[in-house]
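In: From the sequence below, what's the structure:
(chains A and B)
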Amino acid sequence: MSWTVIQQSLPIFEKAFWLTLKLSCYGIIGASLLGLFASFIRYFQIPVAKQLVNIYIELSRNTPLLIQLFFIYYAFPEIGLKIPAQTSGIIGLVFLGGSYMAEAFSGGLDGVPKVQIESGKAIGLSNLQLARYVIFPQGLALSVPAIAANVIFLIKETSIFTVIAIPGLTNTALDQIGMYYHTDESLFVLVIGYAIILIPLSLILTWLERRARYGTFGH
Amino acid sequence: MAHSGINILFEGRNLTRLLGGLWISAKIAFIAIVLGILLGIILGMLRTLKNPLLRVILRLYLEFFRIVPTVVLLFLFYYILPQNFHINLNAEVVATLVFTLWVAAEMSDIVRSGLISVPRHQVDAGKAIGLTTPQLYRYVLLPQSIQLMIPATINLTTRVIKTTSLLLLISVMDVINVGQQIIEANNQHYQNGAFWIYGFIFILYFILCYPLSVWARHIERKEKLRNNG
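Out: Sure, this is the predicted structure:
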């Protein structure tokens, strides 16, 4: 392991780091919105849409991201839909993450105690008020731990982006290994790169979980 | 058009080759799951002990395998074992090793959280009637926690199956790698090769994972009903 090699390759890795972070952010935000939308459809039992959401969730959860990406990036152009690599990556991440987020939100909404809903009805809240003031605030707080786990999971999944040649952290490391045989150095920077994102994030999320749990008990 | 794209699946030995690739993925997943679960149960039980050093080491082991993405783990073992330790394993063995260690790490957490969820007074009561430690596990701890561990273990299994898709990255001849070869070889005759082959592999993975997911959910629901009733 040579520090000069690491220093020399740092600028390239820095670019890759920001790209990985950017794509993760887009993917996570997109997945959360899709998941929230899907969980509302499930919660309000909207006919037809509910079945579509269930089919989507099963397809997305029971297939690997790698094959989803291959399908988006290599198979879609054959039916006339050409999507650039980075956009394909974000779409793949949103497609995968949307179902995990939907399950997280649904789990939270289902976890709101029956007595809360009945009390809301007893004091004469309308369905909309019940959702706005009773179910969603508590449900969202309950789903925080599952969402936090999903955020970490989705960031780790960005390492698969290398298969469609998105120059993120993994792809850059593989490039460095392929071109200069800097195996140890590149893998070291790769692990550190992900650690820099994931360790502080997991600490923040743990803190947030504690705050959210505090919120659920009505303090 | 002379032929429809779906025929690419039945051209020559393509279908047998794809299923052969799937067999390699399945074999690696199966060995890793069995060994990983056994190792994970032992590690999980060790993690409930009071020894602080053991706890820190096992916790670090778990966090390492949780934080580092599986792709990176595969590369770490694939490149570093031969280069720095002069251990030359073929890619399939490396993959099995990485998956086993990963499953063991995740499993240790499932087992630990299952065991500590058993109320403290159950253990105290067991000790009070003079059960030995193995008896305590056999008659008190395991029967009460295993229902909690099973769904999580099945979900872990589906994750392992899905993660076998990464084997291609360390050039194991898995189902996706074979698929790529078929697409390239038939590029001239089948313009839609990627669509059908990747579509087929997508469905294969779904067929493997979906029943497991349904099973896990079924057990979870049954457990919930039992607790509420």
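In: so who does the closest residue to A:Pro145 other than its chain neighbours touch?
Out: Nearest non-adjacent residue to A:Pro145, counting by CB to CB, 6 or more residues apart in numbering or on different chains: A:Glu209, 5.0 Å away. (C-beta placed from N, C-alpha, C; glycine too.) Applying CB atoms under 8 Å, 6 or more residues apart in numbering or on different chains to A:Glu209 gives the contacts A:Val144, A:Pro145, A:Ala148.
In: Do you know the pLDDT at A:Glu209?
Out: The score at A:Glu209 is 83. That number is its pLDDT.
In: tell me the secondary structure for the spatially most central residue of chain B?
Out: Nearest to the geometric centre of chain B sits B:Val160, at 2.6 Å (CA atoms, centre = their mean). Each residue gets one of three states, and B:Val160 gets helix by DSSP: H, G, I helix; E, B strand; the rest coil.
In: secondary structure element for the nearest residue to it once chain neighbours are set aside?
Out: Leaving aside its sequence neighbours, B:Val160 sits nearest to B:Ala29 (CB to CB, 6+ apart; 5.1 Å). Assessed by DSSP states H and E, B:Ala29 sits inside helix B:14-47.
In: What are the boundaries of the helices in the chain?
Out: Just going to use chain A. A:3-43, A:49-61, A:65-70, A:85-110, A:114-122, A:127-129, A:136-157, A:169-180, A:183-216 (DSSP state H).
In: wait, chain B
Out: Using DSSP H, helices in chain B cover B:14-47, B:52-67, B:70-85, B:91-116, B:120-128, B:133-135, B:142-163, B:175-185, B:193-228.
In: pLDDT weak spots in chain A?
Out: Within chain A, the ranges that satisfy pLDDT under 70 run A:215-219.
In: that older thread, quick one, what contacts the residue nearest to the centre of chain B?
Out: B:Ala29, B:Ala32, B:Ile33, B:Gly36, B:Phe99, B:Val103.
In: count of neighbours near A:Gly168?
Out: Around A:Gly168 there are 26 other residues, counting by other CB atoms under 10 Å in any protein chain shown.
In: what do you get for B:Met45?
Out: B:Met45: 16 neighbours (other CB under 10 Å).
In: Wait, it touches B:Leu115, no?
Out: Yes: between B:Met45 and B:Leu115 there is a contact under CB atoms under 8 Å: 7.1 Å.
In: Report the contact partners of A:Ile152.
Out: Neighbouring residues of A:Ile152 by CB under 8 Å, 6+ apart: A:Leu198, A:Leu201, A:Ser202, A:Leu205.
In: quick one on the thing from earlier: what about the residue nearest to B:Val160, distance to B:Thr157?
Out: 8 Å (CB to CB, to the nearest Å).
In: A:Ile29 now?
Out: 31 Å.
In: higher neighbour count, these two?
Out: Neighbour count, other CB under 10 Å: between A:Ile29 and B:Thr157, B:Thr157 has more, with 23 against 13.
In: Surely that one is in contact with B:Leu212?
Out: Yes: taking CB under 8 Å as the definition, B:Thr157 is a contact partner of B:Leu212 at 5.9 Å.
In: Now for those two: what residues contact both?
Out: Common neighbours of B:Thr157 and B:Leu212 (CB under 8 Å, 6+ apart) do not exist.
In: Residue 180: neighbouring residues, count only.
Out: I went with chain A, as the question did not name one. 13.
In: Can you look at chain B instead?
Out: Residues within reach of B:Gln180, counting by other CB under 10 Å, total 16.
In: cool, B:Ile80 as well?
Out: 15.
In: Enumerate the residues of chain B near chain A.
Out: B:67-72, B:75-76, B:79-80, B:83-84, B:158, B:162-166, B:168-169, B:176, B:183, B:191-195, B:198-199, B:201-202, B:205-206, B:209-210, B:213 (CB under 8 Å from any CB of the partner chain).
In: quick revisit: could the contacts of A:Glu209 go into a markdown table alongside neighbour count?
Out: Formatted as a markdown table, those follow (neighbours: other CB atoms under 10 Å in any protein chain shown):
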| residue | neighbour count |
| --- | --- |
| A:Val144 | 20 |
| A:Pro145 | 19 |
| A:Ala148 | 19 |
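In: Kindly indicate which of those residues lies nearest B:Thr132.
Out: A:Pro145 (36.7 Å; CB to CB).
In: Could you check how far the closest one is from chain B?
Out: Distance, A:Pro145 to chain B, using CB to the nearest CB, to the nearest Å: 13 Å.
In: For A:Phe153, list the residues it contacts.
Out: A:Tyr100.
In: Columns mean pLDDT on top of the helices of chain B, output as CSV?
Out: Formatted as CSV, those follow (pLDDT from 0 to 100):
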stretch, mean pLDDT
helix B:14-47, 90
helix B:52-67, 90
helix B:70-85, 86
helix B:91-116, 92
helix B:120-128, 90
helix B:133-135, 88
helix B:142-163, 89
helix B:175-185, 84
helix B:193-228, 87
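In: Among the residues of chain B next to chain A, the buried ones, what's the PyMOL command?
Out: In PyMOL syntax, the buried subset of these is picked out as below (16 or more other CB atoms under 10 Å in any protein chain shown):
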select buried, chain B and resi 67+68+69+70+71+72+75+76+79+158+162+163+164+165+166+168+169+176+183+192+193+194+195+198+199+201+202+205+206+209+210+213
